[in-house]
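**Student:** Provided below for reference: sequence and predicted model.
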2 protein chains.
Amino acid sequence: MLGVWRLQLLREISRRGSIKAAAEAMSISPSAVSQQLAILEREAGVELLERSGRRVRLTDAAQLLVRHADTITGAIAAAEADLASMQQLVIGTLRVAAFPTAARAILPDVMTALSRQHPALRVTLRDLEAAESLTALQMDEIDLAIVDEYDEPARIPDGGLEFCEFMRDPLYLALPPEESSMAGAAVRPSLDPGAAVRPSTAGAAVRPSLDPGAAVRLSDFRDAFWIMDTEDSHLGQVTLRACRSSGFEPHVRSNCKDFSVIIALVEAGLGVGMLPGLAIHDRPVRASIHPTDPPLARRIASVIRPERHSHPMIVSALAELERFGAAYAPPNLLG
Amino acid sequence: MLGVWRLQLLREISRRGSIKAAAEAMSISPSAVSQQLAILEREAGVELLERSGRRVRLTDAAQLLVRHADTITGAIAAAEADLASMQQLVIGTLRVAAFPTAARAILPDVMTALSRQHPALRVTLRDLEAAESLTALQMDEIDLAIVDEYDEPARIPDGGLEFCEFMRDPLYLALPPEESSMAGAAVRPSLDPGAAVRPSTAGAAVRPSLDPGAAVRLSDFRDAFWIMDTEDSHLGQVTLRACRSSGFEPHVRSNCKDFSVIIALVEAGLGVGMLPGLAIHDRPVRASIHPTDPPLARRIASVIRPERHSHPMIVSALAELERFGAAYAPPNLLG
DNA sequence: TTTGGTGAGGAAGCTGAACTTGATTTGCGT
DNA sequence: ACGCAAATCAAGTTCAGCTTCCTCACCAAA
């Protein structure tokens, strides 16, 4: 009979593209993998690996076997999950990946809650961007991914992964604090269209008197300097789109990947910027934070492999995330 | 991870009901099974076997695991089948079971044809009654079962086995040959209702002149002696039912399991009897063979495990059976 | 109750499958 | 040409899993 272990090695070669990489992933030597594959070829009676230079390619037969290996491995995983869910034992190691903001704002809370409820559970955390964590999930390097999604309809065909949105994170416009010396110079909402001037020629425009936490319209800041996320980031693109659909092209002063840098720049009065709520969650900021009108938000979802759906480790973690999402209140808008 | 080999041992225990039996089935020692089960219990973290006296019972968790083991084993078998079908290699050992008549009339032909086409294929044959071969199939002791079915609507819920009817076998009424000295005494169709007398008082009634191979009505033989299959057999019951629905209770002279005995008795002029076509296939009989009006037939089907459906060994065998079924002509009715 | 038979399970030892290490081959880039 | 990187070969080594032999528990018959 075909050896399951050998099939899994083949599967890993297919995933990672080389014997060496597969060997590292399974933490054995490349030689062992090579030998096992030779045995598998004897078992199957077919060539499985084609040497092409110093690399190997999978034959058609091998790819067929990989598909079967996937279902076999899935069936075994399902058995383990069922078993674990039967004994309701939350035990083992839960490997989580989250995008940086979530890793900072959500996970500490969730991880301590999980550890408190299930002392036998170990939780490890990596911070990965959404796309990275999805591939990591498919590579079975993590058990749970926390990803953010900005585009409403989007749901990439992610190879049978299971998404579950557990909270929405509103996007806010951050304005320089009242006391900022440069508030007037940098942020000049054109309350009076006729008074609008180009930022380069910015004078001492009057900052509008806003109630803390009051919603603002982006178009009021058509002439302000904008501190943006990088353009290739989702938030950057969403911000850009929002400005354009409000009828203007923002004057971008700087593109910063790190939200704390954006906050610092805004607090220094150098411009306005969009920030997701989580970026200022539980963190006092001097900048003035305002919801937008119409409101903008990103969706935050958990992603798991479907065969682990009923695993108690996963169930507990998802429940904890749901709890966090339900309790998640907009940040203190009075800052 | 759960060991597949251990899961299969558990599965076998579930099938056969005891560790000893499972050990024999897997051809290892009972001790080895016991040890592997202990390891599996550690892996699963649950009690799997409950000692009840000197026997073991499976716990709920174990039954759950057995179900998963079934799907896992099925997935592996499917992989092997796909692999074999990809390389179109008919090789290995095909273990066939057939009911005795089929084993005699069908299998020699089919086995020689298969061996001729696929020299690397070994075919083994056991003769088992239909019910026995179905359980053997589920026990994975055979790969292919040939079964007969008499009841039209019947199809027992046979645990996901795959049936395929490949031929019908007509049932014939066998009458003593013309030259039989006892023909008149034993077989007295009541052409004239008034002439009917009880067999025990049978005199020298006149045997009707029948064209060889002409269809006959059972009711014409309401007063004849009947040579029947055993009453617990399907054929016996079907015969009995057919007589009753023709409006009479047959006078049973003897119940014989072996068709050749029935033939001999009929040829000796001791009575009439129902015979399936296969029983006289390619075998000269002196008895006079007649289809019935209305016609009766049994259905003959191949049965396999569904995951082997595409295995070339199976495919070839089924094709060969289909060929036999298509070529199967009614036996020589002029005998 | 004793006694013999049967099935589960533990201990010790053996075998072979699968791993590691180190040498060898082969292809590729500089 | 040279060196590096990846796969593979040939050893030696480790350990999972088997067998054999044994004990224990249960049941049935004497």
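**Tutor:** Perfect, I can see it now.
**Student:** Strands along the stretch 101-250 of chain A, start to end?
**Tutor:** Secondary structure of the stretch 101-250 of chain A, counting by DSSP state E, counting those that start in this stretch: strands at A:121-127, A:144-149, A:162-175, A:225-228.
**Student:** need the contact list for the closest residue to A:Q88 other than its chain neighbours.
**Tutor:** Take A:Q88 and drop its neighbours on the chain: the residue closest to it by Cβ to Cβ, 6 or more residues apart in numbering or on different chains is A:P312, 5.8 Å away. (Each C-beta comes from the backbone N, C-alpha and C, glycine too.) For A:P312, the contact set (Cβ atoms under 8 Å, 6 or more residues apart in numbering or on different chains) comprises A:A84, A:S85, A:Q88, A:L89, A:V90.
**Student:** Now do A:P312 against B:C256, distance only.
**Tutor:** Noted for A:P312: a distance of 63 Å to B:C256, by Cβ to Cβ, to the nearest Å.
**Student:** what's the answer for A:Q36, then?
**Tutor:** In terms of Cβ to Cβ, A:Q36 sits 59 Å off from B:C256.
**Student:** can I assume A:D60 is in contact with B:Q87?
**Tutor:** No: taking contacts as Cβ atoms under 8 Å, A:D60 lies outside contact range of B:Q87: 10.5 Å.
**Student:** and of the strands of the stretch 101-250 of chain A, who's closest to chain B?
**Tutor:** strand A:121-127 (14.5 Å; Cβ to the nearest Cβ).
**Student:** That closest one and chain B in contact?
**Tutor:** No: against chain B, strand A:121-127 shows no contacts by Cβ under 8 Å from any Cβ of the partner chain, the least distance being 14.5 Å.
**Student:** Output the contacting helices and strands for that strand.
**Tutor:** strand A:92-98, helix A:100-105, helix A:107-117, helix A:312-327 (3 or more Cβ pairs under 8 Å, 6 or more residues apart in numbering or on different chains; DSSP states H and E).
**Student:** export the contacts of A:P312 to a markdown table and tack on pLDDT and neighbour count?
**Tutor:** Shown next, in a markdown table, are these (pLDDT from 0 to 100; neighbours: other Cβ atoms under 10 Å in any protein chain shown):
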| residue | pLDDT | neighbour count |
| --- | --- | --- |
| A:A84 | 86 | 23 |
| A:S85 | 86 | 17 |
| A:Q88 | 78 | 8 |
| A:L89 | 75 | 16 |
| A:V90 | 78 | 20 |
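**Student:** what's the most distant pair in the residues you listed?
**Tutor:** The most widely separated members of the contacts of A:P312, counting by Cβ to Cβ, are A:S85 and A:V90 (10.0 Å).
**Student:** Run through the helices of chain A in chain order.
**Tutor:** For chain A, helices defined by DSSP state H occupy the ranges A:4-16, A:19-25, A:30-44, A:60-87, A:100-105, A:107-117, A:130-138, A:183-186, A:234-245, A:259-267, A:312-327.
**Student:** Figure out which of those helices is closest to DNA strand C.
**Tutor:** Of all the helices of chain A, helix A:30-44 sits nearest to DNA strand C, with 3.6 Å by Cβ to the nearest atom of the strand.
**Student:** which residues touch the residue nearest to A:H309 when sequence neighbours are not counted?
**Tutor:** For A:H309, ignoring the flanking residues on the chain, the nearest one in space by Cβ to Cβ, 6+ apart is A:E162 at 6.3 Å. Taking Cβ under 8 Å, 6+ apart as the criterion, A:E162 is in contact with A:V303, A:I304, A:R305, A:P306, A:H309.
**Student:** repeat that with 7 Å
**Tutor:** By Cβ atoms under 7 Å, 6 or more residues apart in numbering or on different chains, the residues touching A:E162 are A:V303, A:I304, A:P306, A:H309.
**Student:** nearest spatial neighbour of the third one, skipping sequence neighbours?
**Tutor:** Of all residues not flanking A:P306 in the chain, A:E162 sits nearest, at 4.5 Å (Cβ to Cβ, 6+ apart).
**Student:** Per-residue pLDDT of the nearest residue to A:V216 once chain neighbours are set aside, please?
**Tutor:** Distances taken as Cβ to Cβ, 6+ apart put A:H290 closest to A:V216, at 4.6 Å, once the chain neighbours are dropped. Turning to A:H290, the model gives it a pLDDT of 90.
**Student:** Could you double-check that A:H290 sits in contact with A:L171?
**Tutor:** No: look at A:H290 against A:L171 with Cβ atoms under 7 Å: they stay out of range, at 10.5 Å.
**Student:** Could you count how many residues lie near A:V266?
**Tutor:** 29 (other Cβ atoms under 10 Å in any protein chain shown).
**Student:** show me what contacts it?
**Tutor:** A:A174, A:L175, A:P176, A:I227, A:V272, A:G273, A:A287.
**Student:** DNA strand D: which of those is nearest?
**Tutor:** Looking across the contacts of A:V266 and measuring by Cβ to the nearest atom of the strand, the closest to DNA strand D is A:I227, at 41.8 Å.
**Student:** quick one: contacts for that closest one?
**Tutor:** Taking Cβ under 7 Å, 6+ apart as the test, what A:I227 contacts is A:R253, A:S254, A:C256, A:I262, A:L265, A:V266, A:L270, A:G271, A:V272, A:G273.
**Student:** Same list, the strands of the stretch 101-250 of chain A, but as JSON lines with mean pLDDT and distance to A:L278 please.
**Tutor:** JSON lines is the format used below for the strands of the stretch 101-250 of chain A (pLDDT from 0 to 100; distance: least, Cβ to Cβ, whole Å):
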{"stretch": "strand A:121-127", "mean pLDDT": "89", "distance to A:L278": "13"}
{"stretch": "strand A:144-149", "mean pLDDT": "93", "distance to A:L278": "9"}
{"stretch": "strand A:162-175", "mean pLDDT": "92", "distance to A:L278": "5"}
{"stretch": "strand A:225-228", "mean pLDDT": "91", "distance to A:L278": "18"}
